[in-house]
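*Asks:* Here is a sequence together with a model predicted from it:
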Amino acid sequence: MDVGSKRIGLAISDPLGVTAQGLETLHRQNKRSDFFQLQQVVREHQVAEIVIGLPLRMTGAEGIQAQKMQAFADEIRRRFRLPVHLWDERLSSAQANRLLRETDMSIKRRGEVVDKMAAVLILQSWMDARGS
């Protein structure tokens with residue numbers, strides 16, 4: 001997950017846990033709605049583990065946003081009773097924007113898929129590190 005204040009980018013691995021594919025981005029409304037939508041995704045895709053991007057500062061230190069993600073991860077663990085991993089997401093959105101700029105995609109469309117692409121990059125990075 002690439003969790004932002006307005007959207008949550010989602011990605012899921014293939015059955016072998018080798019590659020990450022993007023899912024539909026969730027548009028945040030309120031806590032109840034957000035968790036309901038996430039529950040639907042967890043059920044539909046039979047999610048066994050969750051990876052959430054941890055927005056660290058460039059120095060690697062945790063700031064206010066990282067603390068918010070820690071709290072969000074704790075709530076996900078409680079609600080879904082699944083293992084939750086926080087993974088350094090520094091530059092994932094910037095990398096996603098850079099990759100999308102290299103396509104012929106319109107600026108509007110890039111804005112619609114950047115969260116999904118960031119979620120893919122976060123999950124792929126986590127899977128690559130776990131596999132090595």
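*Replies:* Here it is on my side, so go on.

*Asks:* Where does pLDDT dip in this structure?
*Replies:* 91, 93-94, 97, 110-111, 132 (pLDDT under 70).

*Asks:* what's the longest helix in it?
*Replies:* The longest helix of the chain (DSSP state H) is helix 107-131.

*Asks:* any residues touching that one, and which ones?
*Replies:* Helix 107-131 is contacted from outside by 1-2, 4, 7-13, 17-25, 51, 53, 85, 87, 89, 92-93, 95-97, 99-101, 103, 105, using Cβ atoms under 8 Å, 6 or more residues apart in numbering. The C-beta positions use only the backbone N, C-alpha and C, and glycine is treated the same way.

*Asks:* which stretches of the chain form strands?
*Replies:* 2-3, 7-9, 11-13, 20-22, 26-27, 50-54, 84-88 (DSSP state E).

*Asks:* Mean neighbour count and distance to residue 129 for the ones you listed - can I get that in TSV?
*Replies:* Listed next are the strands of the chain as TSV, based on neighbours: other Cβ atoms under 10 Å; distance: least, Cβ to Cβ, whole Å:
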stretch	mean neighbour count	distance to residue 129
strand 2-3	27	17
strand 7-9	23	19
strand 11-13	20	13
strand 20-22	18	13
strand 26-27	16	25
strand 50-54	22	11
strand 84-88	16	8
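
*Asks:* Export the ones you listed to TSV and append columns for distance to residue 131.
*Replies:* Shown next, in TSV, are those (distance: least, Cβ to Cβ, whole Å):
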stretch	distance to residue 131
strand 2-3	21
strand 7-9	22
strand 11-13	11
strand 20-22	12
strand 26-27	27
strand 50-54	13
strand 84-88	14
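
*Asks:* Which one of those strands lies nearest to residue 36?
*Replies:* strand 26-27 (10.1 Å; Cβ to Cβ).

*Asks:* How far off centre is the closest one?
*Replies:* On the basis of Cα atoms, centre = their mean, to the nearest Å, strand 26-27 sits 12 Å off its chain's mean C-alpha point.
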